[in-house]
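Enquirer: have a look; sequence and predicted model below, questions after that.
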Amino acid sequence: MAASVEIHGFFQLRRQHPPLAGCASRRQFAVRASSDSAVEAPVAGSNGAASERTVVRLGLPSKGRMAEETLNLLKNCQLTVRQVNPRQYVADIPQLSNMEVWFQRPKDIVRKLHAGDLDLGIVGLDTFSEYGQETEDLIIVHNELKYGDCRLSIAIPMYGIFENINSLQDLAQMPHWTKERPLRVATGFTYLGPRFMKEKGMKHVSFSTADGALEAAPAMGISDAILDLVSSGTTLRENNLKEIEGGVVLESQAVLVASKKSLIQRSGVLDITHEILERLEAHLRAAAQFMVTAHMRGSNAEEVAEKIHSQPSLTGLQGPTISPVYCKRDGKVSVDYYAIIICVPQKTLYKSVQQLRSIGGSGVLVSPLTYIFEEETPRWRDLLSELGL
Ligand SMILES: Nc1ncnc2c1ncn2[C@@H]1O[C@H](COP(=O)(O)OP(=O)(O)OP(=O)(O)O)[C@@H](O)[C@H]1O
Ligand SMILES: O=P(O)(O)OC[C@H]1O[C@H](OP(=O)(O)OP(=O)(O)O)[C@H](O)[C@@H]1O
Ligand SMILES: [Mg+2]
């Protein structure tokens, strides 16, 4: 039988920050009063005017958990967003002329890219996938900006009929769900949710939409399960909910996205995208590496290179740079030591230092790296080929 996946009536759940007096935690939704913090962004333009526009537009999250980290990332790429007044929706980046920054809600960034009112944007992959709905025109330019990590995941109560249910398969096989009484899932992801359930062959599922504080829905009897973003899992735990095996719909993090039409047709968009991409790649690559310098004894540079290459954690990005150290002894200049420079992943720093010592390295200096520029960024090549350029 075909899966019956339906979107049912609407309900709105609202919550407020910070918690009310007497609330154990801001993540427990059952004891909250209602409020709403949604800010409607102004309409940035219209489709009709889009073709006349000559300035390039980048959409950034106006509020919420991604706003600050997005500005920090750009700052670390030497792209400072200059906002005259924090309540203004438009700003600029002095290093990128002919570009405006528009602060918008993440979902509006995706919608406005689609409408042609923005050319580029930074949002979570979850928002892009939900509101972009696999639109042909929208494209991911950088797929891992290394923040905003979370997953879109199904969660069910830990108690009652779900006590021994631990996987999507268990959930599907429960005899409770029928055409008349489907599994009710509350979610803000009403495109990705039904699509996932259909793909998994889940029968008898219905969806209802909600806007925040989803975790309260099962306890209120409004839904059986929820589909929401999870990061640390604290909100789920504090509301007696659990994730299930096979229930992750999407792994998400911040991404740089663009409209293909803008990239191809609007003058200046491709050049600005190239520059932003280069800066992002150079910074993100560097952020994961340390530069290590050390001294090593040896009779020639090749011998030192052999020793370094014999160690798995010392190969660096392209192999070591080795320079002779000229020492003066008894009035004579000679080379007994070599200075070596390598880049090592931050994760394996200590292992690398141990390996350096084991082959006679001394005076090990470790410094952070700011940028690593490659000859050409692989993502730029991928972008051009996807655009057919
Ligand atoms: N718990 C989390 N941990 C890490 N990243 C998260 C988490 N929740 C959301 N995100 C990421 O941050 C993005 C923005 O989330 P945020 O809650 O700020 O906005 P929103 O809920 O989409 O906005 P709005 O409530 O105005 O519609 C999400 O699309 C997701 O990519
Ligand atoms: O697994 P955790 O680390 O506990 O995070 C999960 C929570 O984070 C998100 O909400 P957010 O705090 O962004 O609030 P919102 O619903 O107002 O967007 C998400 O909707 C969950 O409720
Ligand atoms: Mg949120």
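Expert: Received it, and whenever you're ready, just let me know what you need. Ligands and ions are numbered 1, 2, ... in the order given.

Enquirer: could you tell me how many residues sit around Q346?
Expert: Counted with other C-beta atoms under 10 Å, residues neighbouring Q346 total 13. Backbone N, C-alpha and C define where each C-beta goes, glycine included.

Enquirer: just the pLDDT for it.
Expert: On the pLDDT scale, Q346 is placed at 92.

Enquirer: equivalent analysis for F128, please.
Expert: Reading off the model, F128 has pLDDT 98.

Enquirer: surely it forms part of a helix?
Expert: Yes - assigned with DSSP: H, G, I helix; E, B strand; the rest coil, F128 falls within a helix.

Enquirer: can you tell me how far it is from ligand 2?
Expert: In this view, F128 and ligand 2 are 16 Å apart by C-beta to the nearest ligand atom, to the nearest Å.

Enquirer: how about the contacts made by that residue?
Expert: Applying C-beta atoms under 8 Å, 6 or more residues apart in numbering, we find F128 in contact with 110, 138, 140, 255, 257.

Enquirer: any low-confidence regions in the stretch 201-350 of the chain?
Expert: The model of the stretch 201-350 of the chain has pLDDT under 70 over residues 316-317.

Enquirer: try it again at 90.
Expert: 203, 210-213, 288, 297-299, 310-320, 327-330, 334, 336-337 (pLDDT under 90).

Enquirer: just put the contacts of F128 in a markdown table and tack on distance to ligand 1, neighbour count and secondary structure.
Expert: Supplementary listing: the contacts of F128 in a markdown table, determined by distance: C-beta to the nearest ligand atom, whole Å; neighbours: other C-beta atoms under 10 Å; DSSP: H, G, I helix; E, B strand; the rest coil:
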| residue | distance to ligand 1 | neighbour count | secondary structure |
| --- | --- | --- | --- |
| V110 | 10 | 26 | helix |
| L138 | 15 | 20 | strand |
| I140 | 14 | 18 | strand |
| V255 | 9 | 21 | strand |
| V257 | 12 | 23 | strand |
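
Enquirer: got the buried residues for the longest strand seen in the chain?
Expert: If you go by DSSP state E, the chain has its longest strand at strand 332-345. Across strand 332-345, burial judged by 16 or more other C-beta atoms under 10 Å covers 337-340, 342-344.

Enquirer: next one: stretch 272-279
Expert: Within stretch 272-279, the residues scored as buried using 16+ other C-beta under 10 Å are 272-273, 276-279.

Enquirer: again, but for stretch 72-80
Expert: Buried residues in stretch 72-80 (16+ other C-beta under 10 Å): 73-74, 76-77, 79.

Enquirer: tell me who's in contact with the residue of the stretch 251-389 of the chain found nearest ligand 2.
Expert: Closest to ligand 2 within the stretch 251-389 of the chain is S252: 11.1 Å, counting by C-beta to the nearest ligand atom. Counting by C-beta under 8 Å, 6+ apart, S252 touches 124-126, 148-152, 229.

Enquirer: who does it form a beta bridge with?
Expert: Legend: beta-bridge partners of S252 under DSSP bridges are C150.
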